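[1] Just the structure for this:
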Amino acid sequence: LLKPLALPDFADYAVVVPSPGVASAEGTNVLAHYLRDVFRLNEATQNFRIVCPDETTSNRMSPLFEATQRAWLGPMVETDEYLSPDGRVMEILSEHTCQGWLEGYLLTGRHGLFSCYEAFIHIIDSMLNQYVKWLKVSRETPWRKPLASLNYLLTSHLWRQDHNGYTHQVPSFIDTVVAKKSNVARVYLPPDANCLLSVMDHCLRSRDYVNLIVASKASQAQWLTETEAEAHCRRGISAWDWAGNHTDQLPSVVLAAAGDVPTNEIVAAAAILKQHLPDLRVRVVNVVDLLAMASPDNHPHGVSDATFEALFTDTKSVIFAFHGYPTLIHE
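    As a prediction, the model looks like this:
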């Protein structure tokens, strides 16, 4: 049976945003403080783990070690850091092992998160395929009870690779997840740290899904307050009126984005257009729940045709900046 997971109020970790784009925060570092306290709140039950190839520190998630350590049963030397036999962060440079660990852990009725560089999560594609098949059959089996969702956090993503470059640029795990059954697949591209907190809180509360979250570890602009972020994530897709200038009129063009770096580019483009072409009516649309763009006939998160048309129009050009490969947006 599923063990309950105590979660803190994610609003307590929100970044203060005096005005859109002014504040700056490291997305995964802000998230790490929230996850640190998930460990603390569940210390007695010890029913939450994070698995990661070897990247907790490089992904700026070190605040986790204020609450727990890396699991380690071997000999230790003086220069070792954050190692303990009862650590609940499980690191090993084997994505296959991490996937297997987390699948087994979830099957015991507990909760977890798989954090990985975006470029290397594809190593477990076939394991994900089999898990989703098992999940489908499990849902159809009356005596199987709901499980905590299988949650992925992909960071060090292709747009912010620092010194790594081309070898670390593969965004198509999004396509892999979207190809799964619509009653299982969920994909989130939070544009800032407050949206990331809201999305992670939602995913940890969810059951029987595969949740994919893609977020940068780098410092980035913050666009939405905690209240605005929660409302945006609940809708999945919103027009950001403050970023455009179309007011209540039909826009001349729609600039849309899904992903944190694409959002920066679209908001910047809108600002340049407003300055140099003030008569051009620009609408800015942001997508945080990628599958909100699907037809409601194909995915339960899909917005209605009327909502889709109200956001994108049915006559105007749309320029869409997307984190991954553009064919997925066309599809």
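
[2] Might you report the residue contacts of residue 324?
    Residue 324 makes contact with 171, 172, 174, 175, 259, according to C-beta atoms under 8 Å, 6 or more residues apart in numbering. (Glycine included, C-beta is placed from N, CA and C.)

[3] which residues touch the most centrally placed residue in the chain?
    Nearest to the geometric centre of the chain sits residue 213, at 2.0 Å (C-alpha atoms, centre = their mean). Taking C-beta under 8 Å, 6+ apart, we find residue 213 in contact with 151, 152, 153, 154, 188, 190, 196, 199, 200, 203.

[4] Can you name the residues bridging to the second one?
    In this structure, residue 152 has the following beta-bridge partners (DSSP bridges): residue 114, residue 212.

[5] so how many other residues sit close to it?
    24 (other C-beta atoms under 10 Å).

[6] and it, what does it touch?
    Neighbours of residue 152 in contact, by C-beta under 8 Å, 6+ apart: 113, 114, 115, 116, 121, 173, 177, 210, 211, 212, 213.

[7] Top of those residues by number of neighbours, please.
    The most crowded member of the contacts of residue 152 is residue 115, carrying 28 neighbours; neighbours defined as other C-beta under 10 Å.

[8] hang on, the earlier thing: and the contacts of residue 213, which of them are in helices?
    The helices, defined by DSSP state H, take in 196, 199, 200, 203 from these.

[9] Specify which member of the residues you listed is nearest to residue 143.
    For the ones in helices among the contacts of residue 213, the minimum distance to residue 143 (C-beta to C-beta) is 25.8 Å, reached by residue 203.

[10] Can you give me the distance of that closest one to residue 135?
    From residue 203 across to residue 135, the span is 15 Å (C-beta to C-beta, to the nearest Å).

[11] Go ahead and name everything in contact with stretch 48-65.
    Here stretch 48-65 makes contact (C-beta under 8 Å, 6+ apart) with 5, 26, 28-29, 31-33, 35-36, 38-39, 42, 70, 82, 88-95, 98-99, 101-102, 105, 110-117, 120, 155-156, 217.

[12] Alpha carbons only: can I get that stretch in PDB?
    Listed next in PDB are the C-alpha coordinates belonging to stretch 48-65 (Å, rounded to 0.1, in the frame of the first residue of the first chain):
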ATOM      1  CA  PHE A  48      11.500   9.300  -0.100                       C
ATOM      2  CA  ARG A  49      14.700   8.900  -2.100                       C
ATOM      3  CA  ILE A  50      16.500  10.700  -4.900                       C
ATOM      4  CA  VAL A  51      18.400   8.700  -7.500                       C
ATOM      5  CA  CYS A  52      21.000  10.400  -9.700                       C
ATOM      6  CA  PRO A  53      23.900   9.200 -11.900                       C
ATOM      7  CA  ASP A  54      26.600  11.400 -10.200                       C
ATOM      8  CA  GLU A  55      25.300  14.900 -10.700                       C
ATOM      9  CA  THR A  56      23.700  16.100  -7.500                       C
ATOM     10  CA  THR A  57      26.400  18.700  -6.800                       C
ATOM     11  CA  SER A  58      27.000  19.800 -10.400                       C
ATOM     12  CA  ASN A  59      23.200  20.300 -10.800                       C
ATOM     13  CA  ARG A  60      23.400  22.700  -7.800                       C
ATOM     14  CA  MET A  61      21.300  20.400  -5.600                       C
ATOM     15  CA  SER A  62      23.800  20.400  -2.700                       C
ATOM     16  CA  PRO A  63      21.300  21.800  -0.100                       C
ATOM     17  CA  LEU A  64      19.900  18.200  -0.100                       C
ATOM     18  CA  PHE A  65      23.000  17.300   2.000                       C
END
